[in-house]
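1. no sequence for this one, just the structure:
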């Protein structure tokens, strides 16, 4: 720790000896390909003017296996060393085309 001379507050200084290159956690990384739900334009349509193609998405991230939403895959893009995660997306399992485990060396 060091002291900030202007405010006398303690501020954390990173320890250069700490290796933070590989964070150890139990989350596994997956690539999930899924069909997205989408809205048509906000105007009057008939059957011939409806979009005929699906919106296919690919999401890569850490699978949160302790998910409280049983019908969804919850994926986080960022995991901290102390077990917090952010940038979370919930993908309905019924919309998934494929799910593949990714191994990072």
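-> Structure's in. What do you need? Just so we're clear, the structure is a prediction, and the values are computed from it rather than from any experiment.

2. could you pull out the strands for this protein?
-> Per DSSP state E, the chain carries strands over the ranges 2-3, 10-11, 28-36, 55-63, 72-79, 85-92, 96-102.

3. do you know how far residue 102 is from residue 40?
-> Per C-beta to C-beta, to the nearest Å, residue 102 is found 34 Å from residue 40. C-beta coordinates here come from the backbone N, C-alpha and C atoms, glycine included.

4. if we can go back for a sec, okay, the strands of the chain, which one's buried deepest?
-> Ranked by average neighbour count under the criterion mean count of other C-beta atoms under 10 Å, the strands of the chain are headed by strand 72-79 at a mean of 17.

5. who's in contact with it?
-> Residues outside strand 72-79 that contact it (C-beta atoms under 8 Å, 6 or more residues apart in numbering): 23, 25, 27, 30, 32, 59-64, 67, 85-93, 96, 99.

6. tell me the angle it makes with strand 96-102.
-> 40 degrees (axes from the mean of the first three to the mean of the last three C-alpha atoms, to 10 degrees).

7. now strand 72-79: average pLDDT?
-> Across strand 72-79, pLDDT averages out at 94.

8. partner strands of that strand, with direction?
-> When pairing is defined by DSSP bridges, strand 72-79 lines up against strand 55-63 (antiparallel), strand 85-92 (antiparallel).

9. what's the nearest residue to residue 96 if we skip its chain neighbours?
-> residue 34 (4.8 Å; C-beta to C-beta, 6 or more residues apart in numbering).

10. please apply the same query to residue 90.
-> Nearest to residue 90 is residue 72, by C-beta to C-beta, 6+ apart, at 4.3 Å.
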